[in-house]
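Trainee: A structural model of the following input is requested.
(chains A, B, C and D)
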There are 2 protein chains.
Amino acid sequence: MAKSALSGKASRQELKPQIRILFRKAIAMGPGKADLLRAIDDTGSISAAARQMEMSYRRAWLLVDTMNQAFKAPVVATLTGGKAGGGAAVTEFGKEVLKRYSAMEAKASASVARELRGFADLMNGD
Amino acid sequence: MAKSALSGKASRQELKPQIRILFRKAIAMGPGKADLLRAIDDTGSISAAARQMEMSYRRAWLLVDTMNQAFKAPVVATLTGGKAGGGAAVTEFGKEVLKRYSAMEAKASASVARELRGFADLMNGD
DNA sequence: TTTCGTTATGTTTATATAAATATAGCGATA
DNA sequence: TATCGCTATATTTATATAAACATAACGAAA
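Mentor: Residues are numbered from 1 along each chain as shown, chains lettered A, B, ... in the order given. Alright, predicted model coming up:
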């Protein structure tokens, strides 16, 4: 077990600020949905993205549906049928949403990075 | 302060970044726990704070317990017995935790306030 | 026209979370 | 020493969330 040298940094990994954008009660955009969008952009399909993220297709589809409903335009466009069965792509609009969200997340995190490190010292190990 | 200003707006209010500090799987500190600490500080007891926040005493106690276990020192100190039945107080340490958390929340929010307004324009009404 | 993997959705089952209820123990003070 | 409201915890019930399973529809390509 890694002990003294790592005891600080390894633990800090779980101590992170999260930014979630709410839409009514549902989370319209957050870390998980951003990851899913990136996976869809990577793989070209919801199901492949789901496999990559080790979640059920149904769950991934529901997350996509939530996003598509929350925003003024679809963030993911889908195609059904065809040799490959269909597919999905992050729309240009979706890429803009993702880009802006990622930027906000990074900026907010950076803005409190120092304070967060100090805060971690108030917490128990691990 | 009673609950009254919850009537009309809530439009952009639900579209806010939230900062949560995670500890293992449980949330060590977040908006709800911060509110609870403030209510305990206001009222001098967990049960009065729970009533004020309209949650069960049990739930409030569990939240306090989570916090007390997550931090190096108790954020809430309790007393049992006595004429008033006992009571609870936010410790000096707890006040420091709350202060630092609140500062981080405010700073992070402010840092992305402008971007967030623009982001809201990408979302559907309400 | 058959095949294929995907989208899209429904249904059922399991798990996790929250709420509701109950109650023991405390101890200053009246 | 009897009372009071609170802390602390256990137990049960209800609800919400997630997982698991199933299946129809699609349409380009073989």
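
Trainee: please name the nearest non-neighbouring residue to A:Gln52.
Mentor: Once flanking residues are discounted, A:Gln52 sits nearest to A:Ala39: 5.1 Å by Cβ to Cβ, 6 or more residues apart in numbering or on different chains. Just so you know, the C-beta spots here come from the backbone N, C-alpha and C atoms, and that holds for glycine as well.

Trainee: any idea which helix or strand comes after the one helix or strand the one you found maps to?
Mentor: Using DSSP states H and E, A:Ala39 sits within helix A:31-43. Next in sequence after helix A:31-43, counting helices and strands by DSSP H and E, comes helix A:46-53.

Trainee: strands of chain A, start to end?
Mentor: Secondary structure of chain A (DSSP state E): strands at A:21-23, A:26-29, A:76-80, A:86-90.

Trainee: and the ones you listed: which comes nearest DNA strand D?
Mentor: Among those, strand A:76-80 comes nearest to DNA strand D, with 4.5 Å by Cβ to the nearest atom of the strand.

Trainee: average pLDDT across the closest one?
Mentor: Average pLDDT, strand A:76-80: 98.

Trainee: packing partners of that strand?
Mentor: Helices and strands touching strand A:76-80, by 3 or more Cβ pairs under 8 Å, 6 or more residues apart in numbering or on different chains; DSSP states H and E, are helix A:57-70, strand A:86-90.

Trainee: please identify which of those is closest to B:Ala73.
Mentor: Shortest distance between B:Ala73 and the helices and strands packed on strand A:76-80, using Cβ to Cβ, is found for helix A:57-70: 39.1 Å.

Trainee: quick one: the closest one near DNA strand C?
Mentor: Yes - with Cβ under 7 Å from any atom of the strand as the criterion, DNA strand C is reached by helix A:57-70 at A:Tyr57, A:Arg58, A:Trp61, A:Leu62, A:Val64, A:Asp65.

Trainee: follow-up on the earlier one: can you redo the strands of chain A as CSV with distance to DNA strand D and mean neighbour count?
Mentor: Shown next, in CSV, are the strands of chain A (distance: least, Cβ to the nearest atom of the strand, whole Å; neighbours: other Cβ atoms under 10 Å in any protein chain shown):
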stretch, distance to DNA strand D, mean neighbour count
strand A:21-23, 13, 21
strand A:26-29, 9, 20
strand A:76-80, 5, 15
strand A:86-90, 6, 19
